[in-house]
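**Student:** with the input below, show me the fold.
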Amino acid sequence: MLLNHQCTRDKYHKLTQSSKAEDYKRRRVAGSEAIKGRGKQVYVDLEKATVNVEKLKAQLLDVESKQNAKTETVAKVTAMVKQAEKKYAYAEQQIQKQDILLTKVGQIGGFSGSKEEYKSLTEKLSEIIKENEASQLALAKQSKNAKMQHNNRTGKSSKINLQKRTLIYVSRKKEHISLCKTMHTKNQKLS
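**Tutor:** Okay, here's the model as predicted:
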């Protein structure tokens, strides 16, 4: 009986060991399949995360480009405002200088007429001065163009245009001088 028991025990032990080995193999295969399944799931999750990251990067780039465009627009507008402020300040300075100059001219000339008459005369004078400046600029441009044309080809038409411009400038200058004389004679008569 001991022998029988020993055989049974050995068989049981072999069966148990073989069943443990099979169980181990099954668990190992199941574990590796589970790991493979988890690996596939991790890979899928990684792909989804990568796609989400790419979408977020694209959104970030879009937001940054819009922000850069806004920043550039703000910078342009700021520059334009600064430019306008400079021009305004320069215009204010010129107006103040002109007012001071007109006041000094009135004081030096001893003009004692009405303010309206003085103002109208000074406005006419400033218009003539502006026209003279414009004529001088146009004359300088015309002269430059005439010289360039003369260097390129010699022609009488450019000389005639230059002479016309010169005559216009001289006539305006004479008008300016006569207006100044008129103001001066009125001042002398009034004083």
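
**Student:** ranges for the helices of the protein?
**Tutor:** 2-109, 115-152, 156-190 (DSSP state H).

**Student:** and the ones you listed, which one is worst for confidence?
**Tutor:** Looking at the helices of the chain, the lowest mean pLDDT belongs to helix 156-190 (a mean of 72).

**Student:** against Tyr169, how distant is the residue nearest to Leu125 when sequence neighbours are not counted?
**Tutor:** Residue nearest to Leu125 in three dimensions, not counting chain neighbours: Leu179, with 6.0 Å by Cβ to Cβ, 6 or more residues apart in numbering. Backbone N, C-alpha and C define where each C-beta goes, glycine included. According to Cβ to Cβ, to the nearest Å, Leu179 stands 16 Å off from Tyr169.

**Student:** Tyr43 too?
**Tutor:** Tyr43 sits 88 Å away from Tyr169, going by Cβ to Cβ.

**Student:** check Thr50 too.
**Tutor:** Taking Cβ to Cβ, one finds Thr50 at 77 Å from Tyr169.

**Student:** so what's Gln136 up against?
**Tutor:** Shown in contact with Gln136 (Cβ atoms under 8 Å, 6 or more residues apart in numbering): Tyr169.

**Student:** oh, I was asking about Leu60
**Tutor:** Applying Cβ under 8 Å, 6+ apart, no residues contact Leu60.

**Student:** then Gln98?
**Tutor:** By Cβ under 8 Å, 6+ apart, the neighbours of Gln98 are Ser126.

**Student:** out of Tyr43 and Tyr169, which sits in the more crowded spot?
**Tutor:** Ranked by neighbour count (other Cβ atoms under 10 Å), Tyr43 and Tyr169 place Tyr169 first, with 16 against 10.

**Student:** ok, how many other residues are close to Thr78?
**Tutor:** Thr78 - counted by other Cβ under 10 Å - has 10 other residues nearby.

**Student:** now do Ala140
**Tutor:** 11.

**Student:** what of Leu179?
**Tutor:** Residues near Leu179, counting by other Cβ under 10 Å: 15.

**Student:** could you do Ser135 as well?
**Tutor:** With other Cβ under 10 Å as criterion, Ser135 counts 19.

**Student:** could you find the closest non-adjacent residue to it?
**Tutor:** Ser135 sits nearest to Tyr169 (Cβ to Cβ, 6+ apart), 4.7 Å away.
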